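Engineer: My questions are about this predicted structure, shown below with the sequence.
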Amino acid sequence: MQQFEFMEKFEELLEQQGFQSRIVSIEHLKELQEEIDALHRKNLLDEELYDAYLASFDFACRQKLLDARSLIIASVPQPQVRVTFVREDRSCPVIIPPTYAFPSDNNVADFLRARRRIICLPGPLIN
């Protein structure tokens with residue numbers, strides 16, 4: 001029961017930082033890979049996003065992190081930014097992808113790294 005309380009409090013802490021998160025068993029890693037691959041095959045993921053963040057993800061991390069029992073999956077919702085450039089009475093609307101306007105992808109990693117001691121508790125975080 002204490003582990004579930006920890007998970008809830010940790011997810012609340014992430015939410016207070018503006019992150020969306022879930023803590024899941026590392027047993028679900030293969031399912032996560034299959035789901036991402038299926039979305040990519042159906043062209044339901046932006047190709048630049050996939051190339052930048054998902055294509056290089058190491059789904060074999062379980063072999064490298066032998067004691068890991070849980071995964072923390074976190075994201076930072078970021079809106080697209082619309083700007084309009086005007087030159088010589090001509091307008092040119094442009095959509096700037098969120099990763100260019102809000103470089104917050106490292107914020108999640110930095111946040112988790114700073115709390116590494118409380119994350120690496122003995123035993124599984126979830127069943």
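Structural biologist: Right, received. Where do you want to start? Numbers count the residues shown, from 1 in each chain.
Engineer: Could you find the closest non-adjacent residue to Pro93?
Structural biologist: Nearest non-adjacent residue to Pro93, counting by C-beta to C-beta, 6 or more residues apart in numbering: Thr84, 4.8 Å away. (Each C-beta comes from the backbone N, C-alpha and C, glycine too.)
Engineer: Which secondary structure element is home to that neighbour?
Structural biologist: strand 81-87 (DSSP states H and E).
Engineer: for that strand, packing partners?
Structural biologist: For strand 81-87, the elements it packs on are strand 90-96, judged by 3 or more C-beta pairs under 8 Å, 6 or more residues apart in numbering; DSSP states H and E.
Engineer: Show me what the strand it packs on is packed against.
Structural biologist: Packing contacts for strand 90-96, counted by 3+ C-beta pairs under 8 Å, 6+ apart, involve strand 81-87.
Engineer: The strand it packs on to strand 90-96, inter-axis angle?
Structural biologist: Here strand 81-87 runs at 160 degrees with respect to strand 90-96, directions being taken by axes from the mean of the first three to the mean of the last three C-alpha atoms, to 10 degrees.
Engineer: who's in contact with strand 81-87?
Structural biologist: Contacts with strand 81-87, where a contact means C-beta atoms under 8 Å, 6 or more residues apart in numbering, come from 91-96, 98, 101.
Engineer: Helices of the protein, start to end?
Structural biologist: 2-16, 29-41, 47-49, 61-64, 98-101, 105-114, 116-119 (DSSP state H).
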